[in-house]
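Peer 1: using only what follows, build the 3D model:
(one chain, ligands or ions: 1)
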Amino acid sequence: MTRLERLRELERSTGRPVRVALVGAGQMGRGLAAQVGRIPGLELALAVDVDPDRAAHAMRVAGRPDAATTESGAAAAIEAGRGAALTDAAAAAELDVDVVVEATGVPEIGAQVAERSMRAGKHVVMLNVETDVTAGLALADIAREAGVVYSIADGDEPVCAKELFDLAEEMAFDVVCAGKGKNNPFIPTATPETCAEEAARKHMNPKMLASFQDGSKTMIEMVALANATGLPPDRVGMHGVTAQVPELASTLVPASHGGVLSAPGRVDYAFGPAPGVFVVVTSDDATVAEEMTYLSMGPGPFFTLYRPFHLASIEAPRAVITAVLDGRPALQSEHWVAEVVATAKRDLAPGDVLDGIGGRHVRGVTYPLAEADGLLLLGLAEGATVTRPVQQGEPVPADAVETVPSTIARLRAVQDAARA
Ligand SMILES: [Mg+2]
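Peer 2: Numbers count the residues shown, from 1 in each chain. Alright, predicted model coming up:
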């Protein structure tokens, strides 16, 4: 039986489709909403966004034009199959839905929605990798306690690259490097203002575009990949080589073989292979290496397994299906080998209140775990007040800011205590 057949079987046995709630109806959320509306056995039961029009729009693209728009009418409308479009994220945990998809991209909202939803017995799928790289182990622990699934969504680069990593391991290759092509040029000082014009042209949130250009998004995704595979970044910020796909197998390899890595077994990114993901592998078996060359994979000793696309929100519902059918995550942090550190985009002065990811103050940089000691995590930066100057380009020391109490900081403290 295919997965879609199993999904329809599940619908027949329970008498209704799997109910999906979406929190955050921006570009990613909208794409997911449309897909959930098209997959038999799934329905979008709830969309939540601070902007009521965006929430209602997500319900419409999911084939639910008559969604209720009031909290008081929501439960009955979901029961009747019309669904609801609301503005309060807490609704996802309270209403009768099976899987909550978090797509706000805001670490604190992601932490709140994930924790509450799992404690209310719902599976959680994160399009919000920002939350996961800050407190993913704590959230996975909560899922185990609650008997539900906590997963990063399919479709984003960390999951697509992890699939190649698993494929490589199953074929008994040694993974030398796993990573992604960077989609946007790297402009470390990009802000919503510098991105405004391009964002308007592309119908994007300028903060989101700034988080792509300033490198935060790539750094966050590669930390998620590092913590899922156990492969650390080679150095602060990784290498970020310029290389087309055929060159990866001679570039993202150890320096002893003419590449840039200090040792095999790293995560990294490259300018060239976007929007694809890759793993560079090798085998110490002469027969296998010879066979790979025969199979047109190059001269060796390193070979690149490459997937030329990642379909983001379009693939994301697969993680919903995996959670309800198989009771397991598509991707989850199992190691903790890397962090995303807040780095000053401009000179920071006492009294500055840091804005969030893709804002004016800080960007994310990938750090090997041991080198991140004493530094402010990007996921904990928003709302923190600077207490002493930090120069542009420098990592923000944790003791150079006063952070605000938050759910994500509490979860992170629990995670740190569990690992200590
Ligand atoms: Mg991505």
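
Peer 1: excluding covalently adjacent residues, which one is nearest to the residue most central in space within the chain?
Peer 2: Nearest residue to the geometric centre of the chain (Cα atoms, centre = their mean): residue 129, 2.6 Å. Counting by Cβ to Cβ, 6 or more residues apart in numbering, residue 129 lies nearest to residue 224, which is 5.0 Å off, once chain neighbours are set aside. Placement of C-beta: from N, CA and C, glycine included.

Peer 1: so that neighbour sits against residue 333, correct?
Peer 2: Yes. With contact defined as Cβ atoms under 8 Å, residue 224 reaches residue 333; the gap is 7.0 Å.

Peer 1: need the residues touching each of those two.
Peer 2: 132-133, 136 (Cβ atoms under 8 Å, 6 or more residues apart in numbering).

Peer 1: state the distance from the residue nearest to the centre of the chain to residue 220.
Peer 2: Applying Cβ to Cβ, to the nearest Å, the value for residue 129 to residue 220 is 5 Å.

Peer 1: what do you get for residue 64?
Peer 2: According to Cβ to Cβ, residue 64 stands 31 Å off from residue 220.

Peer 1: so which elements touch whatever helix or strand residue 341 lives in?
Peer 2: Using DSSP states H and E, residue 341 sits in strand 338-344. If contacts are counted by 3 or more Cβ pairs under 8 Å, 6 or more residues apart in numbering; DSSP states H and E, strand 338-344 sits against helix 129-146, helix 216-229, strand 362-368.

Peer 1: can you add distance to residue 254 and mean pLDDT and give those back as TSV?
Peer 2: Formatted as TSV, the helices and strands packed on strand 338-344 follow (distance: least, Cβ to Cβ, whole Å; pLDDT from 0 to 100):
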stretch	distance to residue 254	mean pLDDT
helix 129-146	26	97
helix 216-229	18	97
strand 362-368	16	98
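
Peer 1: just give me the neighbour total for the nearest residue to residue 202 once chain neighbours are set aside.
Peer 2: Using Cβ to Cβ, 6+ apart and skipping the chain neighbours, the partner closest in space to residue 202 is residue 209 (7.2 Å). Per other Cβ atoms under 10 Å, the neighbour tally for residue 209 reads 22.

Peer 1: show me what from the stretch 101-250 of the chain comes close to the ion.
Peer 2: In this structure, the stretch 101-250 of the chain approaches the ion at residues 156-157, judged by Cβ under 5 Å from the ion.

Peer 1: show the contacting residues for residue 188.
Peer 2: 214-215, 345, 363, 393.
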